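Undergrad: pasted the sequence and its predicted model underneath.
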There are 4 protein chains.
Amino acid sequence: MVVAEISVVPLGTGSASVSRYVADCIRVLQESGLKYEVTAMGTIVEGELDAVLAAARRMHAVPFDAGVKRVVTTIKIDERRDKELSIQGKVAAVARQMGEG
Amino acid sequence: MVVAEISVVPLGTGSASVSRYVADCIRVLQESGLKYEVTAMGTIVEGELDAVLAAARRMHAVPFDAGVKRVVTTIKIDERRDKELSIQGKVAAVARQMGEG
Amino acid sequence: MVVAEISVVPLGTGSASVSRYVADCIRVLQESGLKYEVTAMGTIVEGELDAVLAAARRMHAVPFDAGVKRVVTTIKIDERRDKELSIQGKVAAVARQMGEG
Amino acid sequence: MVVAEISVVPLGTGSASVSRYVADCIRVLQESGLKYEVTAMGTIVEGELDAVLAAARRMHAVPFDAGVKRVVTTIKIDERRDKELSIQGKVAAVARQMGEG
């Protein structure tokens, strides 16, 4: 299990708004069945590395299907082998440390 | 106003856990008074660009104060001039597009 | 064809130096036959998207094989459909604009 | 001294080409006097952290001056306190490990 952040940015669209493309990407992500969370700066996904990479690859293709000419996609993968990572577990670990501080 | 994502990663600590350092960074961020949100992959901040960069700079210094020898910090800034960006506004724009799809 | 940047960061290793792991990752990348360039901040790769993602996946696994417990890997993909992208072409385009400025 | 990678991406420009904006950013960076290297995926800079952040801030503003409405800028900072980092030194360390492998 890995936790990853995926950000898909369409270039040269003529409009400063990208929410339409982000929404289309998330619909494609939903088909993967992976657990996810939409944030203001990207989409955080949790699952097996191969499934996460396959989903990111499909999300990257989405703006091209809508006629976009250039897409910059960033995938940041966080994987631990000594412990199971999860979206909820990572946030909870920080909250716990904040409480103890 | 910009929305930015800040991620501070300590290297060579001898432990795979970083939540302790992340919690210390967030305490320093809280002193800035900036609006923020902790996610599983970083901290999202909203505010004037100079204030956001100053906060990121202070967060980057935190692990060094705890004896860490190397820190890799990523700051991703999203700024629009045709419209006011906010953490809540960005997530709401995507949700609106999802509803209309 | 895409141009991508891959950065593999081992966490909790006990040493602030990571060049040994980076070198191991590049050896694995070399087996892919993809064109690449090592920079001070990552490795830039050029090729078909699937081949690039497969190489990134193998590079991400390298530090685990050396006993590292946590790895954070960032893959940034730049793809254009209106024009062939290449490492050399992208740098040349900027140089050309610099000359004309 | 830190080594950092700066990437400035203009959104909604109507053209998939960004080399014109990148060239303008590099001209602004040159005024800082910082040592830098242009790669296919960003600009790598070496110097004091405050000078690097100031340069990144000015580079981020460049596309707005040319009428762009939205800019996404990524700044990735690598700092070590146990050893002086440099662009050349980082690449040389990997090359040395490759030779020994």
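TA: Perfect, I can see it now. Residues are numbered from 1 along each chain as shown, chains lettered A, B, ... in the order given.

Undergrad: does the helix or strand of chain A with the lowest mean pLDDT reach chain C?
TA: In chain A, no helix or strand scores lower on mean pLDDT, DSSP states H and E than helix A:87-100, which sits at a mean of 95. No - using C-beta under 8 Å from any C-beta of the partner chain, helix A:87-100 never reaches chain C; the gap is at least 11.6 Å. Any C-beta I mention is one placed from the backbone N, CA and C, and that applies to glycine too.

Undergrad: distance between that helix and the chain's centre?
TA: The chain centre lies 20 Å from the centre of helix A:87-100; the measure is C-alpha atoms, centre = their mean, to the nearest Å.

Undergrad: neighbours of residue A:30, how many?
TA: Using other C-beta atoms under 10 Å in any protein chain shown, residue A:30 is surrounded by 12 other residues.

Undergrad: which strands and helices sit next to the one helix or strand it maps to?
TA: Using DSSP states H and E, residue A:30 maps to helix A:19-32. Contact analysis of helix A:19-32 by 3 or more C-beta pairs under 8 Å, 6 or more residues apart in numbering or on different chains; DSSP states H and E lists strand A:2-11, strand A:35-39, strand A:42-47, helix A:49-65, helix B:87-100 as its packing neighbours.

Undergrad: contacts for it, please.
TA: Under the criterion C-beta atoms under 8 Å, 6 or more residues apart in numbering or on different chains, residues A:6, A:8, A:10, A:13, A:36, A:38, A:43, A:45, A:47, A:51, A:54-55, A:58-59, A:62-63, A:66, A:68, B:90, B:93-94, B:96-98, B:101 lie in contact with helix A:19-32.

Undergrad: how close does residue A:99 sit to chain C?
TA: Residue A:99 sits at a distance of 23 Å from chain C (criterion: C-beta to the nearest C-beta, to the nearest Å).

Undergrad: quick one: that residue from residue B:23, how far?
TA: In this view, residue A:99 and residue B:23 are 9 Å apart by C-beta to C-beta, to the nearest Å.

Undergrad: the least confident helix or strand of chain A vs chain B: in contact?
TA: Yes - part of helix A:87-100 sits near chain B under the criterion C-beta under 8 Å from any C-beta, namely A:87-88, A:90-91, A:93-98.

Undergrad: now, of the residues you listed, which are buried?
TA: Buried members of those, scored by 16 or more other C-beta atoms under 10 Å in any protein chain shown, are A:87, A:90-91, A:93-94, A:97-98.

Undergrad: any idea of the mean pLDDT in the helix holding residue A:30?
TA: Throughout helix A:19-32, pLDDT has a mean value of 98.

Undergrad: ignoring the adjacent residues along the chain, who's closest to residue A:96?
TA: Closest residue in space to residue A:96, ignoring its immediate chain neighbours: residue B:19 at 7.3 Å, by C-beta to C-beta, 6 or more residues apart in numbering or on different chains.

Undergrad: is it fair to say residue A:68 lies in a helix?
TA: No - secondary structure of residue A:68, determined by DSSP: H, G, I helix; E, B strand; the rest coil: coil, with no helix assignment.

Undergrad: could you pull up the residues touching the residue nearest to it when sequence neighbours are not counted?
TA: Once flanking residues are discounted, residue A:68 sits nearest to residue A:10: 4.3 Å by C-beta to C-beta, 6+ apart. Neighbouring residues of residue A:10 by C-beta under 8 Å, 6+ apart: A:18, A:21, A:63, A:68, A:70-71, D:11.

Undergrad: any idea what residue A:10 is bridged to?
TA: residue A:71 (DSSP bridges).

Undergrad: mind giving me the ChimeraX select for the contacts of helix A:19-32, buried ones only?
TA: Applied in ChimeraX, the following selects the buried portion of the contacts of helix A:19-32 according to 16+ other C-beta under 10 Å:
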select /A:6,8,10,13,36,38,43,45,47,51,55,59,62,63,68 /B:90,93,94,97,98
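
Undergrad: kindly report the residues of chain A close to chain D.
TA: Proximity of chain A to chain D, by C-beta under 8 Å from any C-beta, involves residues A:9-18, A:69-70, A:72.

Undergrad: hmm, 7 Å instead?
TA: By C-beta under 7 Å from any C-beta of the partner chain, the residues of chain A that approach chain D are A:9, A:11-16, A:18, A:69-70, A:72.

Undergrad: quick one: residue A:46 from residue A:1, how far?
TA: Per C-beta to C-beta, residue A:46 is found 7 Å from residue A:1.

Undergrad: overlap in contacts, the two.
TA: Shared contacts of residue A:46 and residue A:1, defined by C-beta atoms under 7 Å, 6 or more residues apart in numbering or on different chains, are found at residue A:86.

Undergrad: higher neighbour count, the two?
TA: Shown here are residue A:46 and residue A:1; by other C-beta under 10 Å, residue A:46 has more neighbours (21 against 16).

Undergrad: for residue A:86, which non-adjacent residue is spatially closest?
TA: residue A:46 (5.6 Å).

Undergrad: from residue D:54, how far off is that neighbour?
TA: In terms of C-beta to C-beta, residue A:46 sits 38 Å off from residue D:54.
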